[in-house]
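Student: below is the sequence, then the predicted model.
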Amino acid sequence: MAEKVLEIRGLTAGFISDKGLLKAADNISLEIMRGETLCVVGESGSGKSVTSLAIMRLLDYAGGLIVDGEILFKGEDLTTKSQEEMGKIRGNKIAMIFQDPMSALNPVFTVGDQIAETLMIHQGMDRKQAMEEAIKLLGHVGIPAPEIRVKQYPHELSGGMCQRVVIAIALACKPDLLIADEPTTALDVTVQAQILDLLKSLQQEFGMSILLITHDMGVASEVADRIAVMYAGTIVEEGTVFDIFDHPSHPYTQGLLESIPGYETTRGSELYTIKGTIPRLGELPSGCRFHPRCPHATDKCRAMEPGSIQLSDTHRTACWLYQEEAGVKKS
Amino acid sequence: MNSDDKLIQVKNIKKYFPIKKGLLSRTVGNVKAVDDVSFDIYRGETFGLVGESGCGKSTLGRVILQLQKATDGEIIFDDRNIVEMKSRELRKLRQEMQIIFQDPFGSLNPRFLVKDIIGEPLKVHTNMSKAEIDKRVVELMEMVGLDPTRRNRYPHEFSGGQRQRVGIARALALNPKFILADEAVSALDVSVQSQVLNLIMKLQKELNLTFLFIAHGLHVVRHISDRVGVMYLGKMVEIAPSDDIFNHPLHPYSAALLSANPVPNPHLKRERIVLTGDVPSPANPPSGCRFHPRCPFAQERCKHEQPELLEVMPGRQVACHFPLIDQTIGAGDAAK
């Protein structure tokens, strides 16, 4: 049995507003094994970014808070750690890369300085050692002529190059877990392909686990071992990449896959749509959060929130359609 | 096809942005955002324009709408050369061509009521009375699937998808012939995106509109476009019917671009053509074929001689000395 790098149990996190607590992530449970890539897929407002910020304990700085649950990183609960203790873990054991590489880098420092900073803080290297290591890392993430690039500022590099620098910073301390929040969304498809390939090869080399957050089912299909689909703050379905794409069980996942244009659709034909819009956090529907948009909704869905049902060893879904089936199977 | 079928003819359009330096801000060079591009858009079709950031696709779109003046070249819109038009004539012309923007948040004035946003083109270009405008706004909102009783609200009370519908209603207000959709669905979530795409396709059929659809989402372009043009570094490198270009791209760049597009099917592990390096600067493009330093098939000739956009098969134009014709046919035979 592979080692669990991260285990989230019943995480509830959100923001305090004048309407009371808004749960952006509600009772989330997830596991990531060593060397595995888990993709969290969802649309805006689904709570995927809040979950990742909660793991990093950066939610505190974003004005949010963790209300309930445990985040076990190699067996240690991160929710009880002080920010000082987290400072030793962040960037060292758990690293994070963000959507916009240009704003993730500081424009007034050279890229070398920014990579070296991490090494000096976490690995206790001196500046000279750290700069040498920075050059090695830049070469490692596929930047040509790293000894020249190391002295350049972010504005002198293209978007794809900057994202490579951000990845180099993230990898500097060989983290156990890399959290990538929409790492290729701001990039062109050809550069996206380069960056995804790079992440995959670095993962094999360092054996790290990746938690990749994306809205793009195409990206998830290419890199994920397992996928968790989020909707309005909850995980509605989780399974291996093949479970999700071959046997999508939750109506939301089904709709999400069917509404992708241009792949298995005839050109110009009417696209499948999920009616309505994603609910706001303050105005969540009763029962199953997806019921107002669901083609299969029943009275039960409107009244009660479905629990998680195990469809197979690897595949679970939160939908009443299957609660009943499971009941039948049991009897 | 005779020229009557062509709503827009773009002829040798160039758009250069001067690079100025020094105390006297002398022009030391040009960013060739669009460099000698020619193509036609037929009446009632959707022409998809794809390419990576900086390839000049948005600039080309803006030049066609005369939001930016071309450095050189002609644009024939409905048998009129609009490049030479005076501003008064252009103002009239704007009734016939409209634009839908990418950002449904930035493109609507937050201090305007939705009815004023949709009704503004009517106020500017027509002498309709207040009551008439209101009637038309209600009609437009129904057309794009918005509840007209919400016309006295502000944009922030609408979701992203609904705001994009407001933008579409505004574009339709004056019954235009041509609409430029610049990344019109790129900022929307998948489930909302398909709603807006369906709306655009429905309106096109009902109103016989002509679209220039600029996007970087290749799946979207494939679904919605009749023909597709691929741009690279200010040049049009390939034009073909949508299904053809996606099934058998002829230009090596089109092939690479399409192969980089992630496919939502985990069973499909395709051979990706991974391009090395970045797109070169349009201020100093490579000699010969602009794609040659990154092209896996480049030969000596590509370094010196710039390929022209030529029709190599009926309806298919490509700018490449060695288009992938043989390879595609070979691959097709092997598959059989």
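Tutor: Perfect, I can see it now.

Student: list the contacts of the residue nearest in space to the middle of chain B.
Tutor: Taking CA atoms, centre = their mean, the centroid of chain B lies closest to B:I214, which sits 2.6 Å from it. Residues near B:I214 by CB atoms under 8 Å, 6 or more residues apart in numbering or on different chains: B:G48, B:L49, B:V50, B:K57, B:S58, B:G61, B:L180, B:A181, B:D182, B:E183. For every residue, glycine as well, the C-beta is placed using N, CA and C.

Student: quick check: pLDDT value at it.
Tutor: If you check B:I214, the pLDDT there is 93.

Student: dig out what it forms beta bridges with.
Tutor: B:L49, B:D182 (DSSP bridges).

Student: farthest-apart pair in the contacts of B:I214, please.
Tutor: Taking CB to CB as the measure, the contacts of B:I214 span a maximum distance of 14.6 Å, between B:V50 and B:L180.

Student: which residues of the chain fall in helices?
Tutor: No chain specified, so I'll use chain A. Taking DSSP state H, the helices of chain A run over residues A:48-56, A:83-89, A:101-104, A:111-123, A:127-140, A:146-149, A:159-171, A:189-206, A:217-223, A:241-246, A:251-258, A:299-303, A:320-330.

Student: let's do chain B instead
Tutor: B:57-64, B:87-93, B:114-125, B:130-143, B:160-172, B:190-207, B:218-224, B:242-247, B:252-260, B:300-304, B:325-335.

Student: on that earlier part again, need the helices of chain A in JSON lines with distance to chain B, can you?
Tutor: Formatted as JSON lines, the helices of chain A follow (distance: least, CB to the nearest CB, whole Å):
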{"stretch": "helix A:48-56", "distance to chain B": "12"}
{"stretch": "helix A:83-89", "distance to chain B": "32"}
{"stretch": "helix A:101-104", "distance to chain B": "12"}
{"stretch": "helix A:111-123", "distance to chain B": "15"}
{"stretch": "helix A:127-140", "distance to chain B": "15"}
{"stretch": "helix A:146-149", "distance to chain B": "12"}
{"stretch": "helix A:159-171", "distance to chain B": "6"}
{"stretch": "helix A:189-206", "distance to chain B": "4"}
{"stretch": "helix A:217-223", "distance to chain B": "3"}
{"stretch": "helix A:241-246", "distance to chain B": "4"}
{"stretch": "helix A:251-258", "distance to chain B": "6"}
{"stretch": "helix A:299-303", "distance to chain B": "18"}
{"stretch": "helix A:320-330", "distance to chain B": "19"}
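
Student: among those, single out whichever gets nearest to A:L177.
Tutor: Nearest to A:L177, of the helices of chain A and by CB to CB, is helix A:48-56 at 8.2 Å.

Student: and the closest one, what does it pack against?
Tutor: strand A:4-17, strand A:20-33, strand A:37-41, strand A:64-73, strand A:94-97, strand A:177-181, strand A:209-214 (3 or more CB pairs under 8 Å, 6 or more residues apart in numbering or on different chains; DSSP states H and E).

Student: mean pLDDT added to those, as JSON lines?
Tutor: JSON lines is the format used below for the helices and strands packed on helix A:48-56 (pLDDT from 0 to 100):
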{"stretch": "strand A:4-17", "mean pLDDT": "94"}
{"stretch": "strand A:20-33", "mean pLDDT": "92"}
{"stretch": "strand A:37-41", "mean pLDDT": "96"}
{"stretch": "strand A:64-73", "mean pLDDT": "94"}
{"stretch": "strand A:94-97", "mean pLDDT": "94"}
{"stretch": "strand A:177-181", "mean pLDDT": "95"}
{"stretch": "strand A:209-214", "mean pLDDT": "95"}
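
Student: quick one: closest of the ones you listed to A:N106.
Tutor: strand A:94-97 (15.0 Å).

Student: the closest one: how far from the chain's middle?
Tutor: 11 Å (CA atoms, centre = their mean, to the nearest Å).

Student: alpha carbons of it, as CSV, please.
Tutor: Extracted in CSV, the C-alpha atoms of strand A:94-97 (Å, rounded to 0.1, in the frame of the first residue of the first chain):
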residue,chain,number,x,y,z
ILE,A,94,4.6,21.6,0.3
ALA,A,95,5.1,24.0,-2.6
MET,A,96,2.5,25.8,-4.6
ILE,A,97,2.4,27.3,-8.1
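
Student: about what we covered before: format the helices and strands packed on helix A:48-56 as CSV; extra columns: mean neighbour count.
Tutor: Shown next, in CSV, are these (neighbours: other CB atoms under 10 Å in any protein chain shown):
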stretch, mean neighbour count
strand A:4-17, 18
strand A:20-33, 19
strand A:37-41, 25
strand A:64-73, 18
strand A:94-97, 24
strand A:177-181, 23
strand A:209-214, 24
